[in-house]
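Peer 1: no FASTA, just this:
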C-alpha cells in the first residue's frame with residue numbers, strides 16, 4: 001500500500017507532518033495520537049515515508065488483521081468442502097495421531 005502526501009488514502013494524509021516538525025513537537029503530537037487514535041504520516045523531503053501510531057490502536061489493527069485472516073481461512077475451507085476436497089475430521093485426526101505417534 002502506498003501512501004501519498006497529497007492523497008487522502010483512508011483519511012490519514014490529513015494528519016501528516018514533516019519528520020522535523022514531529023521531532024520538534026513530539027510531546028504534543030504524541031498526545032494527539034493518544035486522543036484521536038489516528039496515525040500520523042511523517043514526511044521526509046515532502047514525501048510520505050513513515051507512519052506513527054499509538055500502541056493501543058496498533059494492537060486493535062493487529063487483532064482486526066487476525067480476525068480477517070481467520071475469516072478468509074474459514075471461507076477457503078468452506079469452498080474446499082463445496083468442491084469435495086475436505087477430509088472428515090475423524091480421518092484427519094487419526095492421520096495426525098499416526099503421523100506424530102499420539103495414542104488415543
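Peer 2: Sure thing, it's come through. The model shown is predicted, which means the values in this text are computed figures rather than measured ones.
Peer 1: tell me which stretches of this structure form helices.
Peer 2: Secondary structure of the chain by DSSP state H: the helices cover 19-24, 26-36, 55-82, 89-100.
Peer 1: among those, which is nearest residue 44?
Peer 2: helix 19-24 (5.3 Å; CB to CB). Backbone N, C-alpha and C define where each C-beta goes, glycine included.
Peer 1: buried residues in that closest one?
Peer 2: Buried positions in helix 19-24, judged by neighbour count with 16 or more other CB atoms under 10 Å: residue 22.
Peer 1: which other helices and strands contact that helix?
Peer 2: The contact analysis (3 or more CB pairs under 8 Å, 6 or more residues apart in numbering; DSSP states H and E) places helix 19-24 against strand 40-44, strand 47-52.
Peer 1: want to try TSV for the helices of the chain, with mean pLDDT and distance to residue 45 as columns?
Peer 2: TSV is the format used below for these (pLDDT from 0 to 100; distance: least, CB to CB, whole Å):
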stretch	mean pLDDT	distance to residue 45
helix 19-24	94	9
helix 26-36	92	19
helix 55-82	95	26
helix 89-100	94	54
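Peer 1: need these in a markdown table with distance to residue 47, can you?
Peer 2: Below are the helices of the chain laid out as a markdown table (distance: least, CB to CB, whole Å):
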| stretch | distance to residue 47 |
| --- | --- |
| helix 19-24 | 11 |
| helix 26-36 | 19 |
| helix 55-82 | 23 |
| helix 89-100 | 50 |
